[in-house]
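Enquirer: Sharing a sequence plus its predicted fold:
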Amino acid sequence: AMIQRALASPLPIAWVTADSAYGQEWRLRRMLEEAGVGYVLARRSLARLEEVAYYLAYAPAGTAVPELARIAGSRWAIEECFQSAKNECGLDQYEVRRYPGWYRHIALAMLTHAYLAAMSATATTARGVAETVPVPLHPSPWQKSGGSWQFTVPNPHTGGKPITR
């Protein structure tokens, strides 16, 4: 139902990618094909783990294999995002009995996760800029002389040349 609503929306949906639970669902594949939306879906029997895993794909004629691989790989970024939202924002920590409560919880958790991601990106950018600003270097007060180290301090009376103590 969520995919049907998304397809009916004005969003420009070109691709759908999903794990094997959805890859086994022939009604989903047919719905996407009828809507003209490309897909790359995994399919692996959860009961027979020794079987080789593979992908089912539906794409416009002429779509290159690297493009299909890119679409299949994009699912992992989405999976990581949901796992992060579960760990950091309690996305999966709902105890509701009705759809409106579930929807509010999910919407709030995802909004919180988006806010945290934006703040993290801003902090990372600011930290990166701060790390590239050159820091004025001050000469060490320790000078090596022969085989020993001597503590020196600049002397304003000698034009800043250090004197040894």
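Expert: Ah, there it is. This structure is a prediction, so every number in the text was calculated from the model and none was measured.
Enquirer: wait, doesn't Trp15 sit right on Leu41?
Expert: No: with contact defined as C-beta atoms under 8 Å, Trp15 does not reach Leu41; the gap is 10.7 Å. No exception for glycine: its C-beta is placed from N, CA and C like everyone else's.
Enquirer: Show me what the longest helix anywhere in the chain packs onto, helices and strands only.
Expert: Using DSSP state H, we find that the single longest helix of the chain is helix 99-132. Applying 3 or more C-beta pairs under 8 Å, 6 or more residues apart in numbering; DSSP states H and E, one finds that helix 99-132 contacts helix 65-89.
Enquirer: Stretch 111-130: how far from the chain's middle?
Expert: 12 Å (C-alpha atoms, centre = their mean, to the nearest Å).
Enquirer: and that stretch, what's its mean pLDDT?
Expert: Averaged across stretch 111-130, the pLDDT comes to 82.
Enquirer: contact partners of it?
Expert: Residues outside stretch 111-130 that contact it (C-beta atoms under 8 Å, 6 or more residues apart in numbering) are Cys81, Ser84, Ala85, Glu88, Cys89, Leu91.
Enquirer: Can you name the helix or strand that Thr152 falls in?
Expert: strand 148-154 (DSSP states H and E).
Enquirer: So for stretch 78-85, what gets flagged as buried?
Expert: Ala85 (16 or more other C-beta atoms under 10 Å).
Enquirer: Residues contacting it, please?
Expert: Counting by C-beta under 8 Å, 6+ apart, Thr17, Asp19, Leu91, Ala109, Met110, His113 sit against stretch 78-85.
Enquirer: So which of the residues you listed is surrounded by the most neighbours?
Expert: Thr17 (22 neighbours; other C-beta atoms under 10 Å).
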